[in-house]
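J.: Just to be clear, the model below is a prediction. Sequence and coordinates:
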Amino acid sequence: MNRRRPSAFIVSFALHLAALAIVGSTTRPSYWRAVAKDGGSITKVTSERLRPFAGVPGDPAVPPADESKDLDPLIVENSPRTLIIQNFSFDFGKVSERAMALFPFLSLQLPSDGPPVDRNAAPRRRLVNPFASAAPGDSNPPLVLSESALQTVVDSAWSRRYRWRVFRPVRELTSKYNGDMGRLPLLLRRYADETMLQPYLDTDIPDMRLWTELGIAADHTDYIAFITKYASEHPSSKATTELLFLLDKLAQGSYDALATLVGMNPARMEWTRSTDREAFDLFNTMRRYYRSQLALKDLDDYVALRLFFDRIRVAILSGIVRTTANGYRASDARFLIGSIYWRQLREDEAVRWWREMTVHPEDTYHEAASQLLEAIRRAGPSIQRIDRGAVNDALESERRKWVDFWERRLDRFGYSFDVY
């Protein structure tokens, strides 16, 4: 098991993200918690209760091992680290190799929340990427693909569980073609929207969801290295903007996997325990380690952890607003930032970010943005008069579109929400 410190590129990524968000403080960040106007606490900050993770760190309710049961090693595709549960087979070798570095976002120094960025700001306020070279613009040729050919590339890079290995065709096209002209930005957007953040629902055997999410998390450092390198070489290109939206999805997926891991009761992992003792011991080791790491960061309840990742997402998305070329997809970033703040009950901040959106038909969230801007227009200058029902309806409509899309998308590849 690899217990080395996070590799150098994660530190580089931390610096890069800090630069995007203009971090000026090196003190330990304090995490925002909702407080009512009368000074009392608001108990419903998110859809999750404010509670510690289940159980006591280091003292899980683990059934005793049956030492008399001699389990033969299960080998699939010549891998000695393949776990088989019913028809589910999973190679946990990469998870084991990166067990103590599965969640690189935890190593980030978070910035303070910043105000909305003026999209009409003078050029002198544009952020300079400290990792960018002084080389001229992208000299690569534009990517030319028909609609069907583009979709074929996206589908060829689709996977329910093993992402990085099948991302190769997209990576190769990204390195060879222009980041502003041609269809590369659209390819990257389609890839992010149609592969990342797939919904996973529990079955009676929770082991399958946990190992699937951990396997996806094990690829995150590879994606982060790729995104960081490309962004440093192609600052402010459309392709870079699309890769930063991909980074935002990685952060969301990282939260989901981490919450699943630290919240899982070992007693529910009976299939793993009875099938592969090595995999079960790995799960227990990772669970204890990350619970202790979260406790050190004062992130030992679900709401604190969610807010931590929310701030990472705001840093990424506000970085897009600050650096994207000619406002490309800035309104999509503003929509997502406002949605984060609205869920946190920070309505003033949400509306300030949404107010600066413009409706572009080619943007991903243009329909919801139009509805939100209409609700803001009707409310006038007073945020207190905003129709909260209309806002919630717009956000819920966007959520339903996402669910409907993924139901169709998974069915195309023979899967459903609870099939891994």
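T.: Okay, I see it. Bear in mind that the values here come from a model prediction, so they are computed numbers and not experimental data.

J.: So for the helix or strand containing residue 172, mean pLDDT?
T.: Per DSSP states H and E, residue 172 falls inside helix 168-176. Averaging pLDDT along helix 168-176 yields 96.

J.: tell me what whichever helix or strand comes after that helix is packed against?
T.: Sequence order places helix 184-195 as the next helix or strand after helix 168-176, per DSSP H and E. Under the contact criterion of 3 or more CB pairs under 8 Å, 6 or more residues apart in numbering; DSSP states H and E, helix 184-195 touches helix 147-156, helix 168-176, helix 238-263. For glycine as for every other residue, the C-beta is placed from the backbone atoms N, C-alpha and C.

J.: Tell me where the model's unsure across the stretch 1-150 of the chain.
T.: Scanning the stretch 1-150 of the chain for pLDDT under 70 picks out the ranges 1-80, 109-137.

J.: Figure out which of the helices and strands packed on helix 184-195 is closest to residue 192.
T.: Smallest distance to residue 192 across the helices and strands packed on helix 184-195 (CB to CB): 4.3 Å, for helix 238-263.

J.: The following helix or strand past the closest one packs against which elements?
T.: Downstream of helix 238-263, the first helix or strand assigned by DSSP H and E is helix 270-275. Helix 270-275 is packed against strand 82-85, helix 207-217, helix 277-296, with contacts defined by 3+ CB pairs under 8 Å, 6+ apart.

J.: Could you pull out the buried residues of helix 270-275?
T.: Buried residues in helix 270-275, counting neighbours by 16 or more other CB atoms under 10 Å, are found at 271-273, 275.

J.: just to revisit the earlier point, mind saving the C-alpha coords of the helix holding residue 172 as PDB?
T.: C-alpha atoms of helix 168-176 as PDB (Å, rounded to 0.1, in the frame of the first residue of the first chain):
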ATOM      1  CA  ARG A 168      -7.100   8.500 -24.000                       C
ATOM      2  CA  PRO A 169      -8.700   9.300 -27.400                       C
ATOM      3  CA  VAL A 170     -10.000  12.600 -26.000                       C
ATOM      4  CA  ARG A 171      -6.600  13.400 -24.400                       C
ATOM      5  CA  GLU A 172      -4.800  12.800 -27.700                       C
ATOM      6  CA  LEU A 173      -7.200  15.100 -29.600                       C
ATOM      7  CA  THR A 174      -6.800  17.700 -26.900                       C
ATOM      8  CA  SER A 175      -3.000  17.700 -27.300                       C
ATOM      9  CA  LYS A 176      -3.100  17.900 -31.100                       C
END
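
J.: what's the angle between it and helix 184-195?
T.: Put simply, helix 168-176 runs at 160 degrees to helix 184-195, going by axes from the mean of the first three to the mean of the last three CA atoms, to 10 degrees.

J.: angle of helix 168-176 against helix 238-263?
T.: Using the same axes, to 10 degrees: helix 168-176 against helix 238-263 is 140 degrees.

J.: what's the distance between helix 168-176 and the middle of its chain?
T.: 21 Å (CA atoms, centre = their mean, to the nearest Å).

J.: Mind listing residues that contact that helix?
T.: Here helix 168-176 makes contact (CB atoms under 8 Å, 6 or more residues apart in numbering) with 140, 143, 153-154, 156-157, 184, 187-188, 191, 226, 230, 239.

J.: Also stretch 397-417?
T.: Against stretch 397-417 from outside (CB under 8 Å, 6+ apart): 158, 160, 194, 198-201, 365, 367-368, 371, 419.

J.: Among those, name the ones in helices.
T.: 194, 367-368, 371 (DSSP state H).

J.: any idea which of those is the one closest to residue 381?
T.: Among those, residue 371 lies closest to residue 381 (CB to CB), at 19.4 Å.

J.: Return the residues in contact with the closest one.
T.: Neighbouring residues of residue 371 by CB under 8 Å, 6+ apart: 390, 393-394, 397.

J.: Mark which of the residues you listed are buried, thanks.
T.: Buried among the contacts of residue 371 (16+ other CB under 10 Å): 390, 394.

J.: can you put the contacts of residue 371 in TSV and add distance to residue 355 and pLDDT?
T.: TSV is the format used below for the contacts of residue 371 (distance: CB to CB, whole Å; pLDDT from 0 to 100):
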residue	distance to residue 355	pLDDT
390	15	96
393	18	97
394	14	97
397	20	96
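
J.: ok, the contacts of residue 371 vs residue 149, which is closest?
T.: Nearest to residue 149 out of the contacts of residue 371 is residue 397 (CB to CB; 31.7 Å).

J.: domain parsing for the chain?
T.: Using automatic domain parsing, the domain ranges for the chain come out as 1-33+71-326, 329-420.

J.: roughly how far apart are residue 199 and residue 285?
T.: To residue 285, residue 199 is 28 Å away according to CB to CB, to the nearest Å.

J.: thinking again about what came up before, need the ones in helices among the contacts of stretch 397-417 in CSV with pLDDT and distance to residue 319, can you?
T.: Shown next, in CSV, are the ones in helices among the contacts of stretch 397-417 (pLDDT from 0 to 100; distance: CB to CB, whole Å):
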residue, pLDDT, distance to residue 319
194, 98, 24
367, 97, 25
368, 97, 22
371, 97, 26
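
J.: and of those residues, the nearest to residue 318?
T.: residue 368 (19.0 Å).

J.: Check the nearest residue to residue 151 once chain neighbours are set aside and give its pLDDT.
T.: In this structure, residue 151 finds its nearest non-sequential neighbour in residue 190, 7.4 Å apart by CB to CB, 6 or more residues apart in numbering. For residue 190, the model assigns a pLDDT of 98.

J.: ok, now which ones touch residue 190?
T.: 150-151, 154.

J.: are any of those buried, and which?
T.: Taking 16+ other CB under 10 Å as the criterion, what is buried in these is 150, 154.

J.: closest to residue 97 among the contacts of residue 190?
T.: Nearest member of the contacts of residue 190 to residue 97, counting by CB to CB, is residue 154, at 28.6 Å.

J.: confidence score at the closest one?
T.: For residue 154, pLDDT reads 97.

J.: Relative to residue 170, how far out is it?
T.: In terms of CB to CB, residue 154 sits 8 Å off from residue 170.

J.: so what's in contact with the two at the same time?
T.: Residues touching both residue 154 and residue 170 by CB under 8 Å, 6+ apart: 187, 191.

J.: Residue 354 contacts residue 333, correct?
T.: No: applying CB atoms under 8 Å, one finds residue 354 not in contact with residue 333, separated by 11.4 Å.

J.: about what we covered before: in a markdown table, list the helices and strands packed on helix 184-195 along with distance to residue 312.
T.: Below are these laid out as a markdown table (distance: least, CB to CB, whole Å):
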| stretch | distance to residue 312 |
| --- | --- |
| helix 147-156 | 26 |
| helix 168-176 | 23 |
| helix 238-263 | 5 |
